[in-house]
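Engineer: what's the 3D shape of this:
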Amino acid sequence: MAQVRVERTDDGYVARNDRGAEVAMGGGDEQGVFTPVELLLAALGGCNIVTVEPLTAQRGHRLVRLAMTVQAEKAEPTLLGPITVTYDVELPEGDEKAAEVFRAVAQRVEEKYCTVSRALREKSEVRLELPLQ
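Structural biologist: All right, here's what the predicted structure looks like:
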């Protein structure tokens, strides 16, 4: 199970996990914070990259550089359109098979092993629990 606590603070909004990490959140006009949509995109990119990197390395192809950009436009004021994940990769010099392995791993991870990708694609149900007054 995954869980975070999101709360309003004196300085804005923050999400925290049980391991002590926190991320500041706010609106798109505030400096030094992520918007909730940016966090969603970061979660998608993070899920993919932290899975692709070790799997590629385990197959003997440690990439020199591995980064990505994740972007989406809004299709409606409260709905995202297609999300695009663009990898920025530098392959090891002289490793002819690295590109093929990387592509196969990245495709498989996005389709089957990235929980965030699957949740977005399969439209996970969101249940709202409100306290009774």
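Engineer: now do the buried residues in stretch 26-37.
Structural biologist: 26, 33, 34 (16 or more other CB atoms under 10 Å). No exception for glycine: its C-beta is placed from N, CA and C like everyone else's.
Engineer: confidence score at residue 123?
Structural biologist: Note on residue 123: pLDDT of 85.
Engineer: phi first, then psi, for it.
Structural biologist: phi 50, psi 70 (degrees, to the nearest 10).
Engineer: so what touches the strand or helix carrying residue 40?
Structural biologist: Using DSSP states H and E, residue 40 falls within helix 36-58. Applying CB atoms under 8 Å, 6 or more residues apart in numbering, the contact partners of helix 36-58 are 15, 23, 25, 34, 62-63, 66-72, 80, 83, 85, 98, 101-102, 105-106, 109-110, 113-117, 120.
Engineer: filter those residues down to the buried ones, ChimeraX style.
Structural biologist: Restricted to buried positions by 16+ other CB under 10 Å, the ChimeraX selection for the contacts of helix 36-58 reads:
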select :15,23,25,34,63,66,68,70,72,83,85,98,101,102,105,106,109,110,114,116,117,120
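Engineer: all strands for the chain, in order.
Structural biologist: Under the criterion DSSP state E, the chain carries strands at the ranges 5-9, 12-16, 22-25, 65-76, 79-90.
Engineer: still on that earlier bit, turn the buried residues of stretch 26-37 into CSV, columns for distance to residue 41 and pLDDT.
Structural biologist: Shown next, in CSV, are the buried residues of stretch 26-37 (distance: CB to CB, whole Å; pLDDT from 0 to 100):
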residue, distance to residue 41, pLDDT
26, 16, 94
33, 14, 96
34, 9, 96
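Engineer: could you export those residues as a markdown table, including distance to residue 10?
Structural biologist: Converted to a markdown table, these look like this (distance: CB to CB, whole Å):
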| residue | distance to residue 10 |
| --- | --- |
| 26 | 13 |
| 33 | 14 |
| 34 | 18 |
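Engineer: pick the one among the residues you listed closest to residue 90.
Structural biologist: Nearest to residue 90 among these: residue 34, at 26.8 Å, using CB to CB.
Engineer: surely the closest one touches residue 28?
Structural biologist: No - Residue 34 is beyond contact range of residue 28, at 9.8 Å (criterion: CB atoms under 8 Å).
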